[in-house]
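Sequence unavailable; structure follows:
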């Protein structure tokens, strides 16, 4: 029985679902059959095509970059965006190859930095939140961490196609990772923390109130999930940043774990949630500024606006 069948009952599988799944399997197996270097170049080519033929997403990326880096020239921002698409293509190739990766394979192109920060936080026994985002190789990050003997829970949104959802999650969870769906977000996180587990949370997506609160992100208010700081305060869990980033000088990925973040605890739960959400977002921004070409600029991160404020993204 599949993950979706266990949790929701047997879903309705349509002909469209089966066709999408078949096409995806063929695509994944095709790239997986190629040498990794070749697959990455094919992925980069796919990214270039997407950059050229999907103007709506390109326009969102251009608008986001203009807000985030007004000091840069238009040409500089456009180069960041082109590299973003290329890196997404690399991620496609890495995902297709992940089932083949073993210890000897990944040690050639991935290493840890700051693992002692993670190890120390985990040893406290109250659970660990890995603060991360759509930066670097986020899918490969949790996969690598589990392959090295450190399985974690990952918070995701269910895919619309249940066959594709099960297939993708099967790869993600091959080495002990577990999926926590956003529709059971709070209860799943609390249970994981009480069990002393590690949870990776992407905290750079647009939210809506009341789940989200407005905090500065590149100087612009962004509606941001406040659940992690609330649960961390409630459970005593550790929170530390973690990102798998491509280091050009080394020509390999490095899984960076930063030092544990000190949560503000004044006794005013709402004020503390706002303060800590802002702090987490500032940490994310710092990493994105250091590696701008590796963030997902095509996401409408500032879509939700404070009441009375005009929308940023115009059709």
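Received the coordinates, thanks. Quick caveat: nothing in here was measured; it's all calculated off a predicted structure.

Can you give the contact residues for stretch 111-118?
Residues from elsewhere that reach stretch 111-118 (Cβ atoms under 8 Å, 6 or more residues apart in numbering): 128, 130, 148, 150, 198, 240, 242, 252-260. Yep, even glycine has a C-beta here, placed from its N, CA and C like the rest.

buried set for that stretch?
112, 114, 117, 118 (16 or more other Cβ atoms under 10 Å).

give me the element the third one is part of.
So that's residue 117. For residue 117, the host element (DSSP states H and E) is helix 115-123.

quick one: contacts of the strand or helix carrying residue 228?
Per DSSP H and E: residue 228 is located in helix 227-235. With Cβ under 8 Å, 6+ apart as the test, helix 227-235 has contacts from 126-127, 129, 131, 185-186, 189-190, 193-194, 201, 203, 211, 237-239, 263, 265, 269, 272-273, 276-277, 280.

The stretch 201-315 of the chain: strands as residue ranges?
Under the criterion DSSP state E, counting those that start in this stretch, strands of the stretch 201-315 of the chain are mapped to 212-217, 220-225, 238-247, 252-257.

how big is the angle separating the second one from strand 212-217?
This points to strand 220-225. On the basis of axes from the mean of the first three to the mean of the last three Cα atoms, to 10 degrees, strand 220-225 is oriented at 140 degrees to strand 212-217.

Give me the mean pLDDT for strand 220-225.
Across strand 220-225, pLDDT averages out at 97.

next one: it to chain centre, how far?
A distance of 16 Å separates the C-alpha centroid of strand 220-225 from that of its chain, computed with Cα atoms, centre = their mean, to the nearest Å.

Report all helices and strands that that strand contacts.
With contacts taken as 3 or more Cβ pairs under 8 Å, 6 or more residues apart in numbering; DSSP states H and E, strand 220-225 sits against strand 212-217, helix 269-290.

Identify each buried residue in the last one, please.
Along helix 269-290, these residues count as buried under the neighbour rule (16+ other Cβ under 10 Å): 272-281, 283-285, 287-288.

contacting residues for residue 281?
Residues near residue 281 by Cβ under 8 Å, 6+ apart: 203, 204, 215, 216, 217, 222, 224.

hmm, back to that, neighbour-wise, which one of the contacts of stretch 111-118 leads?
residue 128 (31 neighbours; other Cβ atoms under 10 Å).

Need the phi and psi values for residue 299.
Backbone torsions of residue 299, given as degrees, to the nearest 10, read phi -80, psi 140.

Also residue 69?
Dihedral angles of residue 69 (phi, psi; degrees, to the nearest 10) stand at phi -130, psi 70.

for stretch 236-255, how far is the first residue from the last?
In stretch 236-255, first residue to last residue: 24 Å (Cα to Cα, to the nearest Å).

Would you mind listing the buried residues in that stretch?
Neighbour counts over stretch 236-255 (16+ other Cβ under 10 Å) mark 237-246, 253-255 as buried.

quick one: pLDDT of residue 111?
Looking at residue 111, its pLDDT reads 98.

Sheet partners, orientation included, of whichever strand or helix holds it?
Here residue 111 sits within strand 110-113, counting by DSSP H and E. The strands beside strand 110-113 in its sheet (DSSP bridges) come out as strand 252-257 (parallel).

Would you tell me which helix is longest in the chain?
Looking across the chain with DSSP state H, the single longest helix is helix 74-97.

Quick check: buried residues in whichever helix or strand comes after it?
The element immediately downstream of helix 74-97 (helix or strand, assigned by DSSP H and E) is helix 103-106. By neighbour count with 16+ other Cβ under 10 Å, helix 103-106 contains the buried residues residue 106.

How far away from the center of its chain is helix 103-106?
Distance of helix 103-106 from the chain centroid (Cα atoms, centre = their mean) equals 23 Å.
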